[in-house]
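1. task: produce atomic coordinates for the following.
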Amino acid sequence: MNTHPDVFVHVGPHKTGSTFIQQVLAYNRVAMKADGVLVPGRSYYAQRMAAMDVLAKPRSGPDGLPPKSWLRVANSARSWPGPSAVISVERFDDASRRVKRVIAESLAPARVHIVYTARDFTQVVPAMWQTQVRNGRAVQSWQEYLTAIREQHDRSKWPWHLAAQDPSLVLTDWERFVPADRIHVITVPRPGVDRAVLWGRFCSVVGLEADRYTLDVARANISLGAAEIRFLQQLNRGGATEIRRQVYQRWVQRHIDRIILEQRADQRRYALSAGDYTWARGEALDFVDFLRAGRYPVTGDLDELVPPADEPPYPSPDEVTDREVLEVAVSVVAGLLSAIEQGANRPVLPSPGQLTRLVRRRQDALARRWRTLRRTQPGRRQR
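-> Numbers count the residues shown, from 1 in each chain. Prediction:
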């Protein structure tokens, strides 16, 4: 009889519902623990930071061990007396082979499973460029971004956030450390489908009863329209990304993006042009053919990953007129003036969720500091 838990490691990739899944896991972690499924870490933030540590320095601890932050997460998962534990970090889609080995070995003797969420590639490409722009990492226009990708025929040399959308690159490498029958693929439903469907599929893989948990979490990653994202891209190109990161995050990401641009009414969607859509659709069909080979168990419907034959009737952000961008700019200036008048430069009280995360981060920092002090003062009397 197997007395060790099943540990499900959700590796993303980005733009496939990962944030939603993580929000639900974090919100319901206490209820899940009572049902026998552990979400390890003092908080989801602690789990994520531990993952970042092992990604950056997989063997940075004493005697070549993984970082202590990751070992705490791994130890709690593999020693969990319940049936299963769940770790969800979409950055694991880009883990090096060395990191994959460390993750698998540190979770042994638990039965490690890999969970990969897959989405229609023609939907991912526009979403990924938008994310890069909104994070201040991209100044390229939409067409410049696409051209740079299309000119690189070796997918392994694509930017990591897009290369991870190719299951043949990600999953075959994980197979070196996890058997194929424990590598699970979950298809992301088409746009417009209730997100509860994705949660239900995830639960069926990790052994949860989906209806037992609330999905009442804030909707993350609300998309911007063609004119709005074009304005933000031009703002980046005009030098906004050169200001201090903290200032960019506060005023561009949080205020201009989240408070002003996301709230604009009647935003027009954007999509791939005819030629680019044909290319992306061909890539998507290759991904689906790989998964249809039956190498890994699939939850959902692979047909959801097959793009429609005809491209969507939406414009490219590069087709947005200067007048449309100017209209967005005027609304941004008006919003910033309103914020200044209302005293937005003063500290803003955090929401209950933000306050909880801040407290947990402080607790984690104090705990690390306390452990450091104990190590550096071995002769100190213990109480």
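
2. look up how far residue 250 lies from residue 136.
-> 12 Å (Cβ to Cβ, to the nearest Å). In this view, the C-beta of every residue, glycine as well, is placed from N, C-alpha and C.

3. more crowded one of those two?
-> residue 136 (20 against 15; other Cβ atoms under 10 Å).

4. residue 321: what's it in contact with?
-> Contact analysis of residue 321 by Cβ atoms under 8 Å, 6 or more residues apart in numbering lists nothing.

5. can you verify my assumption that residue 290 contacts residue 168?
-> Yes - using Cβ atoms under 8 Å, residue 290 is in contact with residue 168, at 4.7 Å.

6. overlap in contacts of residue 136 and residue 250?
-> Contacts common to residue 136 and residue 250, judged by Cβ under 8 Å, 6+ apart, are absent.

7. and the strand with the most length in the chain, what does it pack onto?
-> Ranked by residue count, the top strand of the chain under DSSP state E comes out as strand 111-118. Judged by 3 or more Cβ pairs under 8 Å, 6 or more residues apart in numbering; DSSP states H and E, the packing partners of strand 111-118 are strand 6-10, helix 167-174, strand 183-187, helix 196-206.

8. can you show me the CA trace of the third one as CSV?
-> This points to strand 183-187. C-alpha atoms of strand 183-187 as CSV (Å, rounded to 0.1, in the frame of the first residue of the first chain):
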residue,chain,number,x,y,z
ILE,A,183,1.9,14.0,-16.8
HIS,A,184,-1.6,15.5,-17.1
VAL,A,185,-2.8,17.9,-19.8
ILE,A,186,-5.8,20.0,-19.1
THR,A,187,-7.4,21.9,-22.0
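
9. can you start the count at 6 instead of 1 from here on
-> All right, first residue 6 from here; so that's strand 188-192.

10. confidence score at residue 222?
-> Confidence at residue 222, expressed as pLDDT, is 87.

11. please identify the helix or strand for it.
-> Residue 222 belongs to no helix or strand when elements are defined using DSSP states H and E.

12. and the one 10 residues further on, by the same measure?
-> When elements are defined using DSSP H and E, residue 232 is found to belong to helix 231-242.

13. and that helix, what does it pack onto?
-> Using 3+ Cβ pairs under 8 Å, 6+ apart: helix 231-242 touches helix 126-139, helix 327-346.

14. and the next element down the chain from it?
-> helix 250-252.

15. how close does residue 253 sit to residue 54?
-> 22 Å.

16. let me fix that, I meant to ask about residue 114.
-> Residue 114 is 25 Å from residue 54, by Cβ to Cβ.

17. gap between stretch 104-124 and the chain center?
-> Relative to its chain's centre, stretch 104-124 lies at 17 Å (Cα atoms, centre = their mean, to the nearest Å).

18. list the buried residues in that stretch.
-> Buried residues in stretch 104-124, defined by neighbour count with 16 or more other Cβ atoms under 10 Å: 104-105, 107-109, 111-112, 115-124.

19. what's near enough to touch the nearest residue to residue 21 once chain neighbours are set aside?
-> Nearest non-adjacent residue to residue 21, counting by Cβ to Cβ, 6 or more residues apart in numbering: residue 122, 4.0 Å away. Neighbouring residues of residue 122 by Cβ under 8 Å, 6+ apart: 15, 17-18, 21-23, 26, 190-193, 203, 207.

20. please pick the buried ones from those.
-> Buried subset of these (neighbour count, 16+ other Cβ under 10 Å): 15, 17-18, 21-23, 26, 190-193, 203, 207.

21. now do the nearest residue to residue 89 once chain neighbours are set aside against residue 42, distance only.
-> Spatial nearest neighbour of residue 89, chain neighbours left out: residue 11 (4.4 Å); criterion: Cβ to Cβ, 6+ apart. As for residue 11, its distance to residue 42 is 10 Å (criterion: Cβ to Cβ).

22. next, show the common contact partners of those two.
-> Common neighbours of residue 11 and residue 42 (Cβ under 8 Å, 6+ apart) are 88, 89, 90, 212.

23. mind putting the residues you listed in TSV, distance to residue 185, pLDDT and secondary structure included?
-> Below are the shared contacts of residue 11 and residue 42 laid out as TSV (distance: Cβ to Cβ, whole Å; pLDDT from 0 to 100; DSSP: H, G, I helix; E, B strand; the rest coil):
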residue	distance to residue 185	pLDDT	secondary structure
88	22	96	coil
89	19	97	strand
90	21	98	strand
212	19	94	coil
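
24. can you flag the buried ones in these?
-> 89, 90.

25. nearest to residue 82, of the shared contacts of residue 11 and residue 42?
-> Proximity of those to residue 82 (Cβ to Cβ) peaks at residue 90, which lies at 4.0 Å.

26. list the contacts for the closest one?
-> Contacts of residue 90 by Cβ under 8 Å, 6+ apart are 10, 11, 12, 13, 42, 43, 44, 45, 81, 82, 83, 115.
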